[in-house]
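Novice: just the structure for this:
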Amino acid sequence: MKEYILRADEDNENERIDRYVTYVLADLSRSYIQKLIEGNNITVNGRNIRSSYRVSISDEIKVTVPEDLVPDIKPEDIPLDILYEDDDVLVVNKPKGMVVHPAPGHYEHTLVNALMYRCRDNLSGINGVLRPGIVHRIDKDTTGSIIVCKNDAAHKSLAEQLKGHSLRREYVAIVTGELKDEAGTIDKPIGRSRSDRKKMAIVPDGKRAVTCYTVEKRLKGFTLVRCRLETGRTHQIRVHMASIGHPVAGDPVYGNKTATPVDTCGQALHARILGFLQPVTGKYIETNAPIPEYMEAFISLSEKV
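Specialist: Next comes the predicted model:
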């Protein structure tokens, strides 16, 4: 038997527990998760629950799974661009195309595989064996800064900073069209799309999501913007910019298929700045991930004369 201790984050709070556990332990079907719940193999704060139970950030969720259903996640010697590292945390500049943690179809070549090789057993275990050390994530085709925790105490500290919105997260994006205003704030609730559960959308009963943007450069047919997150919903920048008619260039899900001067291989979105309080010393740490070459080329080829 294998046991997992899980804790929901902001994006999953108030989600049905069968959906949440299926999301985290993505190799297991929802029907199987429901059977585990019926067999009292999933408990919350030591108590048996039903599949309809809604999870809270404060919950400690214990999942017991037969050994033969747990995928073997192996360490891989994959080079990492480390922006910062100490005994408690490290910040990685994630490249485009790299999946953050294992999921069906992606049990190899993920950031977690690389971290398991580099850090060995020095990764927090709060989010289970599929997401060791992972406090937050960015999409496969989004590049840039992601913080990783080496122990549970650091993980709890960073999770609290994330929950309290004190973690500074600033992105740069190339969006289609030319924004009229130099700056703006998008305050629209985000939740699962009613028509496609794999997509996020602006929905009345969604969770509050706030993105502040500032124009950095006006290009021919595009705009380079700086986006600061006040909240951290799934696909937040991509959904918000699309909602005001300026989707991120190259976005295969929320974009408008506008031709780009370079192959973006997905959305032109980069997590540039990450600022946080070191979990032990309390010192403010800030990292700056350089804009990737494809975005530099995009900007250069789109500059106004």
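Novice: which residues does the residue nearest to the spatial centre of the chain contact?
Specialist: Central residue of the chain (C-alpha atoms, centre = their mean): Arg137, 2.5 Å from the mean position. By C-beta atoms under 8 Å, 6 or more residues apart in numbering, Arg137 lies in contact with Val100, His101, Ile146. The way it works is simple: take the backbone N, C-alpha and C, and place the C-beta from them, glycine included.
Novice: next: Asp87.
Specialist: Lys150, Val280.
Novice: what are the phi and psi values at it?
Specialist: Backbone geometry at Asp87, expressed as degrees, to the nearest 10, gives phi -70, psi -10.
Novice: show me the shaky parts of this protein.
Specialist: Applying pLDDT under 70 to the chain flags the ranges 26-27, 67-71, 104-105, 129-130, 305.
Novice: could you list the domains of the chain?
Specialist: What automatic domain parsing lists as the domains of the chain is 2-66, 82-164, 169-271+294-302.
Novice: for the last one, how far is the first residue from the last?
Specialist: In domain 169-271+294-302, first residue to last residue: 26 Å (C-alpha to C-alpha, to the nearest Å).
Novice: repeat that for the shortest one.
Specialist: Counting by C-alpha to C-alpha, the length from the leading to the trailing residue of domain 2-66 is 6 Å.
Novice: do the same with the second one
Specialist: Using C-alpha to C-alpha, the gap from the first to the last residue of domain 82-164 comes to 26 Å.
Novice: quick revisit: want to throw the contacts of Arg137 into JSON lines with neighbour count?
Specialist: Shown next, in JSON lines, are the contacts of Arg137 (neighbours: other C-beta atoms under 10 Å):
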{"residue": "Val100", "neighbour count": "22"}
{"residue": "His101", "neighbour count": "22"}
{"residue": "Ile146", "neighbour count": "23"}
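Novice: in strands, which of these appear?
Specialist: Those of the contacts of Arg137 mapping onto strands are Ile146, per DSSP state E.
Novice: between the contacts of Arg137, which is nearest Leu90?
Specialist: Of all those, Leu90 sits closest to Ile146, with 9.6 Å by C-beta to C-beta.
Novice: name whatever forms a beta bridge with that closest one.
Specialist: For Ile146, the beta-bridge partners are Val92 (DSSP bridges).
Novice: okay, stretch 284-297 in CSV with CA atoms only?
Specialist: Below are the C-alpha coordinates for stretch 284-297, written out as CSV (Å, rounded to 0.1, in the frame of the first residue of the first chain):
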residue,chain,number,x,y,z
TYR,A,284,13.1,39.0,0.7
ILE,A,285,14.5,37.1,-2.3
GLU,A,286,13.7,38.2,-5.9
THR,A,287,14.7,36.4,-9.1
ASN,A,288,14.5,37.6,-12.7
ALA,A,289,14.3,35.1,-15.5
PRO,A,290,15.7,36.5,-18.8
ILE,A,291,13.2,36.7,-21.6
PRO,A,292,13.6,33.6,-23.8
GLU,A,293,15.2,33.9,-27.2
TYR,A,294,12.0,33.2,-29.2
MET,A,295,10.3,36.2,-27.5
GLU,A,296,13.3,38.4,-28.1
ALA,A,297,13.2,37.4,-31.8
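Novice: which residues touch it?
Specialist: By C-beta under 8 Å, 6+ apart, stretch 284-297 touches 83-84, 91, 93, 95-96, 143-145, 168, 172, 174, 261-265, 268, 270-278.
Novice: quick one: the helices in the stretch 151-300 of the chain?
Specialist: Remark: helices assigned in the stretch 151-300 of the chain by DSSP state H, counting those that start in this stretch are 152-163, 236-243, 293-302.
Novice: relative to Arg120, which of those helices is closest?
Specialist: Checking these against Arg120 by C-beta to C-beta gives helix 152-163 as the closest, at 15.9 Å.
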